[in-house]
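I'd like to go over a predicted model; first the sequence, then the structure.
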Amino acid sequence: MSSGIKRPHADDAHSASGRSDQSDRKKPRDWRDAFLDDGVPPRDRDRDYGRRDRDQGRGGYGDRQIGAMMIDEAQVGDTAPQGTEQIIVNVSPRGENIPDGMVTAMITDKIRDMMTVSVRGKASDGRPPRPLSPRRQQGQQLWGGPPPTHASRPSPSAPQTSVKLPPVAPPQGKAGMGQFFQAEPEEPEPEPEVVEEEQDPAKMLEERRRKREEIMAKFKATGGKPSVPNVVVNEVGGGAESVASGGTRTGLQTSTGKSLACSDKSLADSPIAATPMLNNLGIQSSNPPSATPTITEQPSLAHTPQGKAFDLAKHPFASNDSAPLPPDTQTPSGVHADMTVSAADYDPTQEALADHEKRQKDLEAVKPDPQSAIALEIADGVGEPITVEDDDSPKEEEWEEVEIEVDDEEDDEFDMFDAFGDDEKQKKKKKVTVRRLKNGGQAGAREEIIKKPASTIAPEVVDNVDDADGYYRITPGEIVDDGRYQITISLGKGMFSAVVKAKVLKAVGQERRQDVVGKEVAIKVVRSQESMYISGRKEAQILKKLNDADPDDKKHMLRLDRTFEHRGHLCIVTESLSMNLRDVIKRFGNNVGLNMRAVRAYAHQLFLGLSLMRKCEVVHADIKPDNILASHSTVTENKTTLKICDLGSAAEITEGEITPYLVSRFYRAPEIILGLPYDTAIDMWSIGCTLYELFTGKILFPGRSNNHMLLLMMELKGKINHRMIKKASFGTMHFDEAMNFIGLEKDKITGEDTLKTHVINKPTKDLRARLVPSSSEQLKMKDDELKQLLNFVDLLDKCLHLDPAKRITPRDALLHPFMTGH
Ligand SMILES: Nc1ncnc2c1ncn2[C@@H]1O[C@H](COP(=O)(O)OP(=O)(O)OP(=O)(O)O)[C@@H](O)[C@H]1O
């Protein structure tokens, strides 16, 4: 049985401040602006664009209606000088049924043709082109050619001059398309030298479609979810109400089109993106197509090569970075209106603090046994020994910490007045903290642990070393542990500790190879509370076990140096790393997430870490972006190597005690909430939630409570099986006798808590629909990008299996096609 010390996690209502309004998301400016002719200045148009999309319930292309549009004409701006041209392509509904992808390809091809004309064209009379007006020059900086700005366009009221381009023979296979691009020059135009690569877009598209269908067919069997809404809510005492979202579908199509938010990214890595047109638009991707990550780098079971640099941010035009907003998070019903919670805005510490008391109450049921816990630590040889005296006192006695004054034994310097026989010299006093049992602590006879006195801070500040919450007050420059370390800066603060960066000042003990003078370390200064102290010792003990099992440091587990005590605080010395993954999301993927390559590289490292824990039979029990640290390369500024940290909730599998508050709520597996026995599979669940968050920048299950968490899980993954519910310690809190889910919800009108019975048969939401763009957008993706995205969805699906027995293991995850690329 465990020590009974488990860290509390919040379970209160999630702050509404964490919500992000998706409707505020702007569409990135892109080359499609060239096809808008709404007379709105570009910046305003961006905003308006989004509004129209929302209002009309379709997305992405403004007035252009997908599947029913034609390219009307290409116009050369009336004021364009010879040899250059301003191109405005009007896209207007005609009723013809042209697939969206084809329209895009047609437009892009045509514009590229036109740009070719622009580059190669010369005036028939040999004159150089007329200089551009300043306004056009400005525009040309953006376009590298004609500016498509509002100012340079004909106003809606002014007659537009439609001019035919010089005769550019439509390429083979484009029969019929040429008519859409009829444009005539205002003045006789020079005969351009048109060098046209022979292309057959229809064939190209057909080929892509065929490949795509092959890929989709392969994945259909594994991940497709039904599109039929099927969660029915029967309000107790009321009529049935459907809470099905509007966003469910066959798994590949988005009904709202909002998934197109990131769709423009697809162009950068697609063959289309490589056209001079995009280059001329000034759209530079820091991850050009040639740098597209290959997905066969190393055997996945091997360790990740250190320092292999990769970008983190999503690139505005990278197709595989599509992370559409979950359409099913935007239900007007309001039931799940709080679904979209930005990962960057979420602060789990606040939540943990709010729930601390609740958790303490919960722990009272299982009284911790500090004696056995401490004795166990000593037996394991973690850190420095703590004096523990035999104690046969009753366990129910309460502990207290007090400060007492004792003689300073170190005050034994030569005293010249001794020579005069001053035997009565007063010894200096110093303060020490002792921990003793409240009921039997008379005359100090029951003192248990003598903590180290303050040795490096002036006595006058001794009383003031902790703040009101028991955090040690950090003083940069302070020297701790008998001159061994000097604190430099604060690195972060959690529920249980303040973490500082420090420099090694002296190496103590030759056996400590890690003590290199000048080396930077992190010191976790645990809060001065008994439960946290014990929890900290346990953390060091488990970290040591994991490090010992990974002597070559290949499994992405934080490295422990040693522990010591400072002024009543347990201090855990570890390697010093850079920012945690929540900060990485905030900095490189705020609200949109990181790019697929980074997610894949991080996933690999996390699965390796998890495989080590599984091998050592250790459950981390608090995996979340906050507890995963990235290393910092001062050379490349890359955050490429991860380490799993904060093992304060970790325990041996055999110690796993049933508590519904283990793991931070958003990352909490269903078996914990239900009160079932658990193992390392709970960490796999948390990693699934974390990977989703890394890729989308959104929290997957932002439940307000454990009960709400279960509802969100079942909406996405279907019903929890009856076997699990029957065995669950807390099953009756969430399910009725007929195994229907009982949801605790706030009444929208009265605000009162009400119970609703949910008959859940199948999932109503779809992971794939949340992550994979619409089929028309898929046409713009490279095949391997689409395959990788679908593999990612499949892997997440397996990490998030409701039944822990069926959840993917770390080893299988490392061999999954998303990781191997096969
Ligand atoms: N080795 C380290 N190097 C750099 N920063 C660190 C290190 N360890 C911790 N930190 C920073 O301090 C923060 C708090 O650390 P940690 O999560 O271990 O503390 P905690 O008190 O156990 O927090 P929690 O509330 O998550 O349980 C981390 O999120 C991280 O930003």
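That came through fine.

ok, residue 786 to residue 494 distance?
40 Å (CB to CB, to the nearest Å). C-beta here means a position set from N, CA and C on the backbone, and glycine is covered the same way.

who's more crowded, the two?
residue 786 (26 against 22; other CB atoms under 10 Å).

residues from the stretch 601-750 of the chain in reach of the ligand?
Proximity of the stretch 601-750 of the chain to the ligand, by CB under 6 Å from any ligand atom, involves residues 626-627, 629, 645-646, 648.

farthest pair in those residues?
629 and 648 (14.1 Å; CB to CB).

over to the residue of the stretch 701-822 of the chain found nearest the ligand. Which of the three states is it?
Closest approach of the stretch 701-822 of the chain to the ligand (CB to the nearest ligand atom) occurs at residue 702, with a separation of 17.8 Å. The three-state assignment at residue 702 reads coil, by DSSP: H, G, I helix; E, B strand; the rest coil.

that one and residue 801, how far apart?
Taken as CB to CB, the span from residue 702 to residue 801 is 20 Å.

also residue 628?
Counting by CB to CB, the gap from residue 628 to residue 801 is 22 Å.

which one's more surrounded, these two?
Between residue 628 and residue 801, residue 628 has the larger neighbour count (other CB under 10 Å), namely 26 against 18.

show me what that one is bridged to.
With DSSP bridges as the criterion, residue 628 is bridged to residue 644.

let me see the contact set for it.
Residue 628 makes contact with 580-581, 602, 606, 642-645, 690 under the criterion CB atoms under 8 Å, 6 or more residues apart in numbering.

any idea which element residue 777 lies in?
helix 775-778 (DSSP states H and E).

and for residue 209?
Applying DSSP H and E, one finds residue 209 within helix 201-223.

repeat that for residue 499.
strand 497-504.

got it, and residue 571?
Using DSSP H and E, residue 571 maps to strand 569-575.

kindly export the next helix or strand after that strand (C-alpha atoms) in PDB.
Next along the chain after strand 569-575, taking DSSP H and E as the criterion, comes helix 581-588. Listed in PDB are the C-alpha atoms of helix 581-588, where the atom choice follows Å, rounded to 0.1, in the frame of the first residue of the first chain:
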ATOM      1  CA  LEU A 581       5.500  22.500 -23.200                       C
ATOM      2  CA  ARG A 582       2.700  24.800 -22.200                       C
ATOM      3  CA  ASP A 583       5.100  27.700 -22.600                       C
ATOM      4  CA  VAL A 584       6.200  26.200 -25.900                       C
ATOM      5  CA  ILE A 585       2.600  26.100 -27.200                       C
ATOM      6  CA  LYS A 586       2.100  29.700 -25.900                       C
ATOM      7  CA  ARG A 587       5.200  30.900 -27.700                       C
ATOM      8  CA  PHE A 588       5.200  28.900 -30.900                       C
END
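
tell me if helix 581-588 is near the ligand.
No. Counting by CB under 6 Å from any ligand atom, the ligand is not contacted by helix 581-588; separation bottoms out at 6.9 Å.

just checking, what packs against that helix?
On a contact count with 3 or more CB pairs under 8 Å, 6 or more residues apart in numbering; DSSP states H and E, helix 581-588 meets strand 628-630, helix 681-696.

which one among the contacts of residue 628 gets closest to residue 564?
residue 645 (18.8 Å).

show me what from the stretch 451-600 of the chain comes close to the ligand.
So the stretch 451-600 of the chain meets the ligand at 491-492, 494-497, 499, 522, 524, 558, 574-577, 580 (CB under 6 Å from any ligand atom).

identify the farthest-apart pair in these.
495 and 575 (21.7 Å).

and the two? Which one has more around it.
Per other CB under 10 Å, whichever of residue 495 and residue 575 has more neighbours is residue 495, with 22 against 18.

separation between the more buried one and residue 781?
The value you get for residue 495 to residue 781, if CB to CB is used, is 42 Å.

which stretches of this structure have low pLDDT?
Counting by pLDDT under 70, the chain contains low-confidence ranges at 1-199, 201, 212, 215-216, 218-340, 344-463, 509-515, 632-639.

domain parsing for it?
468-576, 577-820 (the TED database).

can you name the residue of this protein nearest to the ligand?
For the chain, CB to the nearest ligand atom, closest residue to the ligand: residue 494, 1.8 Å.

for that residue, what are phi and psi?
phi -120, psi -170 (degrees, to the nearest 10).

right, and it touches residue 664 too?
No. If you go by CB atoms under 8 Å, residue 494 and residue 664 don't touch, sitting 11.1 Å apart.

identify the contacts common to the two.
Common neighbours of residue 494 and residue 664 (CB under 8 Å, 6+ apart) are residue 626.

excluding sequence neighbours, find me the nearest residue to residue 625.
residue 581 (3.7 Å; CB to CB, 6 or more residues apart in numbering).

okay, now that neighbour: neighbour count?
23.

residue 539 now?
28.

contacts only, for it.
Here residue 539 is in contact with 572, 646-648, 650 (criterion: CB under 8 Å, 6+ apart).

which among these count as buried?
572, 646-648, 650 (16 or more other CB atoms under 10 Å).

among those, which ones are in helices?
Per DSSP state H, helices hold no members of these.

among the residues you listed, which are in strands?
Per DSSP state E, strands hold the following members of the buried ones among the contacts of residue 539: residue 572.

one step back: kindly format the C-alpha coordinates of the helix holding residue 777 as PDB.
Provided in PDB are the C-alpha atoms of helix 775-778 (Å, rounded to 0.1, in the frame of the first residue of the first chain):
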ATOM      1  CA  SER A 775     -12.000  16.500 -48.800                       C
ATOM      2  CA  SER A 776     -11.500  19.500 -51.100                       C
ATOM      3  CA  GLU A 777      -8.700  20.800 -48.900                       C
ATOM      4  CA  GLN A 778      -7.200  17.300 -48.900                       C
END
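
tell me which residues in the following helix or strand past that helix are buried?
Counting by DSSP H and E, the next helix or strand C-terminal to helix 775-778 is helix 783-799. By neighbour count on 16+ other CB under 10 Å, the buried set for helix 783-799 is 784-799.

okay then, goodbye and thanks.
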